[in-house]
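Enquirer: Turn this into a structure:
(3 chains)
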Amino acid sequence: MSGLAYARAASLESATEVIGSHRAAEVIAGGTDLLQRLEEHVLPPPLVVDINGVEGLRAIEVDDHEIRLGALVRLNQVIESAPVRDAFPAIVEALIVTASPQVRNLATVGGNPLQKTRCLYFRDQSTPCNKREPGSGCGALEGRNRINAILGGSEHCIATHPSDFAVAMAALDATVLVVGARGERRLPFTELHRLPGDTPHLEHNLAPDEVIEGYRLTRTPLARHSHYLKVRDRGEFEWAICSAAVALELDHGGRIADARVAVGGVATKPWRLGQVETALQGRQATAEAFAEAAALSVQNAVAHGDNAYKLALLPRTIARALTELRERL
Amino acid sequence: MENASTGAEGGAVQARSTMRVTLEVNGREHALDVQARTTLLDALRDRLHLNGTKKGCALGQCGACTVLMDGERVNACLVLAVMAQGRHITTIEGLRGGDGLLHPLQRAFLDHDGFQCGYCTPGQIMSGVGCIEEGHAGSRAEIRQYMSGNICRCGAYVNIVEAIFETAVGTRP
Amino acid sequence: MGAIGKPVARVDGPAKVTGTATYAAEFHPENMAYAALVHGTIPRGWIKSIATDAAESVPGVIAVVTHLNAPRLPWKPVDAAPVDPGEGEQLRPLHSDEILFAGQPIALVIAESQETARAAAALVSFTCVPSDGAGLVFDRARARPPSDGTRESYPAEWERGDAEGAFASAPRRIEGSYLQPRLFHNAMEPHATIAAWDDEGKLTLWDKSQWVDNVRDQITRNFGLAEDEVRVISPFVGGAFGSALRCWPHVTMAAMAARIARRPVRLELTRRELYTAVGYRPYTLQDVKLAADEDGRLRSVIQTAYGLTSAYEDYGEEVLDPVGMLYDTMSARTVYRLVELDTNTPTPMRGPGAVTGVFALEMAIDEMADAMDMDPLEFRLKNYAERDLKKDLPFSSKALRSCYETAALRFGWEKRDPRRRAMHDGNMLVGYGMATAVWPAMQAPASVRIRLFANGTAVVRTAASDMGPGTYTSMTQVAADRLDLPVERVTFELGDSSLPMAPVHGGSMTMASVGNAVAAGCKKLRDDIARLDGAEDGEHPVETLMRLRRDSFEVDGAAEPGAEAGTHSSYAFGAVFAEVRVDPDFGTVRVPRLVGAYDGGVIVNPRTARSQAIGGMVQGIGMALMEAGEWDDRLGRVMNANLAEYLVPVHADVEELEAVFVESEDRIFNPLGVKGIAEIALCGVAPAIANAVWHATGLRIRELPLTPDRLLMAEQAARTS
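Expert: Model prediction:
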């Protein structure tokens, strides 16, 4: 890595051609995570392809049915968008607690879900990490893993996915618009990320030549009644140690007609909790119902020492998020 | 990687590891040779000798390098110099008040003793200017939230918040 | 006249708010090259091979330096400076193939640009052979007394009365173990050195330093130079808190690199490198045993501290000094032990020792008060020490009672419900807690050069430092006061080893040391001018100079500690009160309010003093709630070596902070009556917060920081027990 090379793409097509033919090349949009990796020599790409010159990716398009976010929309742009705030409050709430205002002016919605984990072993290039260097071992499993995952881990990796935005997108059934050498395709947001399994270095389901063009979010009463709650050690400017994106739709009798629950800071990918959603359905929206359903969130959870507290924290975070949301409805 | 043309025909993309860029900083254009790897922060400090933009972490985790890019606050360490071309960069050296002297927020930092060692100060001030411009300085609590990207290890936070709050009130229409 | 005690705005403020204050990395000598480091990864062993060709072949690389080709430096014997450990020897960088800790620099790349140097450094490859060392696991079973050179300052054992006997026979007893993790200074400015040799072989260093004279002395010896061949310049220090007391290996490496490159070289450390290139507050385990009478009189205090040190230096600190003197206890005993690890050496961090010892002692005192069913403040007042029982000397001044009363009043301590888990704000648990702060007041010899001009201005110069507290401003005030000039007419210059000798800028002693030298110099200047032929009684010295047609007059002045150290004990004191909000579900703690009252002697500038005090509170919030180096004892590394994962407080963590300085002056300690405030501002904050968390939750968590994981696990443990 003596020299990083930089190229500017005028279109997504040309960007996909370059990254498709140079396996280690990466697209750069906001650069807020990529530049950290360059600085610390953590998987520094030999070539970055700048897509900021590509037209048509900077808009938030709104119609009666859906909202479309272009990949180059900045995080702060979403926060300031009244239609998004109105139709998908959990997304705006997740972004407001993301990073710092300075970072949010640079970071894009396309890049944010593809940021790398904050696992201490991934970020320190002289330690073992299967995600950074396949086969080198997982430093976190028996190491300093206070911030690591209790859900979705494997014997090879327990790194959490760090994005807040992605948790909200997973909860609200967003669709990812993908462009590759063979054209466009759509992907449910929940299928964007992979579980680590025995290939933790493969983090998402985009082909080598594919880039995210944007997202579609369908307006629903459920999405409109959504909320994001983040728990962290300090008051601001920290990744989640636990977070929950929740949405509720109540029927006229106050019963839960539909629910969405996704969590962050505890899982190896943005984590939908189908069993919690199912348990909520048909129940009265009471604290007891929330707590009982939330308790299911850790059914398959595995703690590894320093992160055992998340077994207690996760259900409480979900229950609190639901309670706060109900008070708002 | 050498400078090379890459990609398929028609979609040719020029990849370079060194390049000449033109940066517009504080209203002045500067042409300079940089590497692809060179950040805006390193270009400002090491090439243009604009020392007011500080390097605290080079990872976007402290805010000491906050500058305005097209009027918005950003971390100069998280921007490649080549990607800052065509943008209007304002650093602490370019901050001026109406009288051509100190910006009101700089004055307020003096009045409220909004610093000790002074190293985070230019970043706090540039971030504070952005915070006020964005309309996120309506209350002390809001300022605390929207200034949390700027770490002050000397712990001048309450004084910084007062300086920003007073300036925001003073500049409100 | 009367500039002392005025809230003068910082004289260096305009430079700081306009970005024109110049820190170490920001000098740009012509033709400067840039250096970057390569680090070993194993904690102990030998470098077997090191390959530099790939790095050397990168265009723009000037040289790659390893132990194989580094110049052999004379490394003349050094008298240990007071900032250096009493025993052992600092790492000699690139000196041999031996590796003493993970992260040790093993190669240096010099290049035309910083980017090239960093990129080429990543291409240096090496292999190492691990060997047995001190180990990586902090195990108190391996503890040993401090070595001979260290023991004098930090005794292995100290006892007054029969503490164990008193403990065994007392009716009320508590004991507990307290952990303070490894803490990092994390000043905003990374350490950096620019080195430049001139044609005559003289070396100039622009360095981040709290003690330019010490850097000059050490580099002089490392390179076998004469004192006048090394000049160290450091006009602004972007925070340090102790990390810039010593002359660290990177300073030597910068000078080495500049000699090899035959041009100026800058070596600026990265944030991650700061976790191994300079020191840290050592991880310290403590056991405290307290015993009291039925009426709440302390009979015995026994405190044992196990501090971390490196395998190559014996770093000790005065963790246990407060134990013998803070309370009027019938007996006291301290035991100090060190545990060696294969890691880089700790170093003083704001309030070194006392902050650590007071954290454990003041939590234990709180527990004892609770066990006695007494108000924590009342319990402390009941055991108030009117005399230093450790040294068996009277205090030169002590206004701690006034600190307690003032802070309690401002805080509203009387509103505290004595029951735990009894105060609420909505769903949040509210807690009130308090603690005492203490720090030994110290003075060291210092000198100044003062020139008074007939135009009514004066320049005061000394090799002192200003890492942020306001040395520039407060010294200007002292000189203006004593020369009877307006503050704007006095200029104070510091941070240059070619100026008159000054002591280390640390230990809260700059005001007492340099301040009294300035005052003494001003007096000498006035006296000398008054003795000039033709001087008239009662006239201002500027009038004398004008009348005698002299452009200026210069004197050297100095001050040093007097005999009072043998007759009195001098300490600064404080009382800190904290309010916390604890989320009972999440275990998150926030601090809406801190009130501190301090006895720091005469306060020269109440405005900068307040800033210093509230700054200490902010660092105390960090120490209490979030700061900890996460040591991996398999790899020998601190894993969270950045500012995203080693958390320090941000704006959102700080709400109301109030600092009050009680009426105090200590003319026995020194003529200015100052005691210093930097360290007491941090001391006591963490235990006050921890005690408030106990009050809010009923959970006594004796390990810092009080993060949600600790609170939730403690809650679970309390529930199952």
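
Enquirer: For the rest of this, base every contact and every neighbour count on C-alpha atoms.
Expert: Fine.

Enquirer: The residue of the stretch 101-250 of chain A found nearest chain C: neighbour count?
Expert: At 5.1 Å from chain C, A:Gly235 is the closest residue in the stretch 101-250 of chain A, using CA to the nearest CA. Neighbour count for A:Gly235, taken as other CA atoms under 10 Å in any protein chain shown: 20.

Enquirer: which residues touch the nearest residue to A:Leu280 once chain neighbours are set aside?
Expert: Ranked by CA to CA, 6 or more residues apart in numbering or on different chains and with sequence neighbours excluded, the top spatial neighbour of A:Leu280 is A:Ala293, at 5.9 Å. The contact partners of A:Ala293, taken as CA atoms under 8 Å, 6 or more residues apart in numbering or on different chains, are A:Gln275, A:Val276, A:Glu277, A:Ala279, A:Leu280.

Enquirer: one more time with 10 Å
Expert: A:Gln275, A:Val276, A:Glu277, A:Thr278, A:Ala279, A:Leu280, A:Gln281, A:Arg283, A:Ala287, A:Pro315, A:Ile318, A:Ala319 (CA atoms under 10 Å, 6 or more residues apart in numbering or on different chains).

Enquirer: Please apply the same query to B:Lys55.
Expert: B:41-42, B:45, B:62-66, B:75-77, B:119-120, B:123, C:25, C:188-190, C:268, C:270-271.

Enquirer: For the stretch 101-250 of chain C, what lies in contact range of chain B?
Expert: Counting by CA under 10 Å from any CA of the partner chain, the stretch 101-250 of chain C comes close to chain B at C:113-116, C:119, C:185-191, C:236-241.

Enquirer: make it 8 Å
Expert: C:Glu115, C:Asn186, C:Ala187, C:Met188, C:Glu189, C:Pro190, C:Phe236, C:Val237, C:Gly238, C:Gly239 (CA under 8 Å from any CA of the partner chain).

Enquirer: Make sure the second one is indeed in a strand.
Expert: Looking back up the chat, that one is C:Asn186. No - C:Asn186: not assigned to a strand; according to DSSP: H, G, I helix; E, B strand; the rest coil it is coil.

Enquirer: Can you pull the poorly scored residue ranges out of chain C?
Expert: C:1 (pLDDT under 70).

Enquirer: Which residue comes closest to the spatially most distant residue from the centre of it once chain neighbours are left out?
Expert: For chain C, the largest distance from the centre (CA atoms, centre = their mean) belongs to C:Gly534, which lies 49.3 Å off. Spatial nearest neighbour of C:Gly534, chain neighbours left out: C:Leu548 (7.2 Å); criterion: CA to CA, 6+ apart.

Enquirer: now C:Pro469: how far from chain B?
Expert: Separation of C:Pro469 from chain B (CA to the nearest CA, to the nearest Å): 6 Å.

Enquirer: for A:Ser297, same thing?
Expert: 30 Å.

Enquirer: can you check A:Val18 too?
Expert: Distance, A:Val18 to chain B, by CA to the nearest CA: 5 Å.

Enquirer: I'd like the next helix or strand past the strand or helix carrying that residue.
Expert: Element membership for A:Val18 (DSSP states H and E) is helix A:12-21. Using DSSP H and E, the helix or strand that follows helix A:12-21 towards the C-terminus is strand A:26-28.

Enquirer: now for the next helix or strand after that following strand, which elements pack on it?
Expert: Per DSSP H and E, strand A:26-28 leads on to helix A:34-40 as the next helix or strand towards the C-terminus. Applying 3 or more CA pairs under 8 Å, 6 or more residues apart in numbering or on different chains; DSSP states H and E, we find helix A:34-40 packed against no helix or strand.

Enquirer: which other residues reach the following helix or strand past helix A:34-40?
Expert: Later in the chain than helix A:34-40, the nearest helix or strand by DSSP H and E is strand A:47-50. Residues from elsewhere that reach strand A:47-50 (CA under 8 Å, 6+ apart): A:4-9, A:15, A:18-19, A:24-29, B:1, B:15.

Enquirer: how many neighbours does B:Gly86 have?
Expert: The burial count for B:Gly86: 13, using other CA under 10 Å.

Enquirer: Hmm, it is touching B:Val21, no?
Expert: No - checked against CA atoms under 8 Å, the pair B:Gly86 and B:Val21 is beyond contact range at 9.5 Å.

Enquirer: what about the helix holding A:Val18, distance to the chain center?
Expert: 24 Å (CA atoms, centre = their mean, to the nearest Å).

Enquirer: Output that helix as PDB, restricted to C-alpha atoms.
Expert: Output in PDB follows, covering the C-alpha atoms of helix A:12-21 (Å, rounded to 0.1, in the frame of the first residue of the first chain):
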ATOM      1  CA  LEU A  12     -22.400   4.600 -11.700                       C
ATOM      2  CA  GLU A  13     -21.900   2.400 -14.800                       C
ATOM      3  CA  SER A  14     -18.300   3.400 -15.000                       C
ATOM      4  CA  ALA A  15     -17.800   3.000 -11.300                       C
ATOM      5  CA  THR A  16     -19.200  -0.500 -11.400                       C
ATOM      6  CA  GLU A  17     -16.900  -1.400 -14.300                       C
ATOM      7  CA  VAL A  18     -13.900  -0.300 -12.300                       C
ATOM      8  CA  ILE A  19     -14.700  -2.000  -9.000                       C
ATOM      9  CA  GLY A  20     -15.800  -5.100 -10.900                       C
ATOM     10  CA  SER A  21     -12.400  -5.400 -12.600                       C
END
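
Enquirer: Many thanks, have a good one.
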